[in-house]
Every structure is written in C-alpha cells, then in structure tokens.
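>>> dropping a prediction and its sequence here:
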Amino acid sequence: MSNESVYFIGDTHFDHKNIIRYCRRPFSSVTEMNNTIKNNWNGTVGKNDTVYFLGDWTFGWGHKPAKYWRRQLKGIIVSIRGSHDREADGIQFREFQELHAGGHDFLLIHNPNPDDKHQTKEQREKLRNWHGWIIHGHVHNNEMDRHPFINGEQRTINVSIEVTDYKPVSLEHLLSLNLDSIRRMRTTDSQPERW
C-alpha cells in the first residue's frame, strides 16, 4: 500500500427524507443531513485516498443522481452496489471486492446476509465460502445487537453511516483495533468488548 489512506463507508442515502426518521438520524432536514455527510467525508478523506463505498448512495426517484454526490466528495471512490443503487445513477458498480491488508482478508459487500434473495448467486456463494472479515453496510443502525460496528463472532464490520458517526472509517483505524481480539464494538466511538 502507498502513503494514501483507505476508507470505508456505506448507506449515505443522500436526499432521502424518511431515512432521518427511520434510522433516527440526528438531523432536522435533508439539507442538514446532506451537508453534514458531505463535510464529514471531505474533512476526513484526502483527494488521493481510496474510499470503498458499500452501497446506497441515494434512495428512490426524484433526487439528484449518485454521480452528482460522487463529484462533490474527495477521494478515489470504488462503489459496491447497494440495494437501492442503479446503473442509471451514472456510476459503475462492483458486486463485491476483496481486500488483503494487515494480515487480514476482507470481503467488501453491501449486504452481509448470504440467504437474502436479492443477492446475486455470485454474492451468495462468495459470502457462504468466505472465511475472513466482512465489511458491509445495508443494516444501518436497526439491528445493533446482530450488526454492531464490529461483531467478532460473525467477523463482520458494519460501516453503515449511522454506526460510523456519519463519516468514513479508515483501514488504519480498523487494523489498530486488533480485530481478532474484539468480541463486540457497538460504534466507532465506543470501547471494544474483548474476548
């Protein structure tokens, strides 16, 4: 790896008014939400850093396309397809990505559930046969018992934006946590519960 940093984030849902209520996001308006996410991202990521975006740029119709938001954000962005992402949004999506760093194997995918009927056959097979860590989005903060920031039992890392304080989380930070010693870690700001 070079001097540039690597980051992960998912589920921005730009312009999605109902996500504020659905996920209890601490914003009074879509404009405040959009600006906070954009400012947090650009205040964290450098222009030459790589950001793996784990799906769901926006939601539904009648909003600015994902490429609009992507152009406003720093970094070299690799987009993994989310359940609400479409090619019509003007972005090329990957179904998943493998990453090897710090002695760990990571699978980057939007939805961590191998039994979800909306997954492609290739995604389901990859998830069922994966033995490393899974970095994902999709679940937001709605299943925190099962999908906290880090679940050492399932070897999953949830980078849904509500769990990462509305900003990207760095690979360097993940590796500094000594992942294999963590049983659970609720959010990026909480103390890890060790084995």
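Arrived safely, thanks for sending.
>>> can you show me the CA trace of whichever strand or helix holds residue 106 as PDB?
Element membership for residue 106 (DSSP states H and E) is strand 104-108. Provided in PDB are the C-alpha atoms of strand 104-108 (Å, rounded to 0.1, in the frame of the first residue of the first chain):
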ATOM      1  CA  HIS A 104      -6.500 -10.000   7.300                       C
ATOM      2  CA  ASP A 105      -8.700 -10.900   4.400                       C
ATOM      3  CA  PHE A 106     -11.700  -8.600   4.000                       C
ATOM      4  CA  LEU A 107     -14.800  -9.000   1.800                       C
ATOM      5  CA  LEU A 108     -16.400  -5.700   0.900                       C
END
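>>> sheet partners, orientation included, of that strand?
strand 97-101 (antiparallel), strand 133-136 (parallel) (DSSP bridges).
>>> all helices for this protein, in order.
17-22, 30-44, 66-71, 121-129, 171-176 (DSSP state H).
>>> in the protein, which spans are strands?
Remark: strands assigned in the chain by DSSP state E are 6-9, 50-53, 76-79, 97-101, 104-108, 133-136, 150-151, 156-158, 169-170, 182-185, 193-194.
>>> would you mind measuring from residue 40 to residue 188?
Going from residue 40 to residue 188 by C-beta to C-beta, to the nearest Å gives 12 Å. Any C-beta I mention is one placed from the backbone N, CA and C, and that applies to glycine too.
>>> now the common contact residues for these two.
residue 165 (C-beta atoms under 8 Å, 6 or more residues apart in numbering).
>>> residues near the nearest residue to residue 53 once chain neighbours are set aside, how many?
Once flanking residues are discounted, residue 53 sits nearest to residue 79: 4.8 Å by C-beta to C-beta, 6 or more residues apart in numbering. By other C-beta atoms under 10 Å, 22 other residues sit near residue 79.
>>> and residue 79, how close does it get to residue 11?
For residue 79, the distance to residue 11 - C-beta to C-beta - is 13 Å.
>>> then residue 18?
Distance of residue 18 to residue 11, given as C-beta to C-beta: 13 Å.
>>> who has more neighbours out of these two?
Each of residue 18 and residue 11 has its neighbours counted (other C-beta under 10 Å); residue 11 has more, 30 against 11.
>>> pLDDT weak spots in the chain?
For the chain, the stretches flagged by pLDDT under 70 are 1-3, 60-62, 86-89.
>>> returning to that earlier point: any idea which of the strands paired with strand 104-108 is most buried?
strand 133-136 (a mean of 24; mean count of other C-beta atoms under 10 Å).
>>> and that one, how far out from the chain's middle?
9 Å (C-alpha atoms, centre = their mean, to the nearest Å).
>>> can you check stretch 143-163 too?
In terms of C-alpha atoms, centre = their mean, the centre of stretch 143-163 is found 11 Å from the chain centre.
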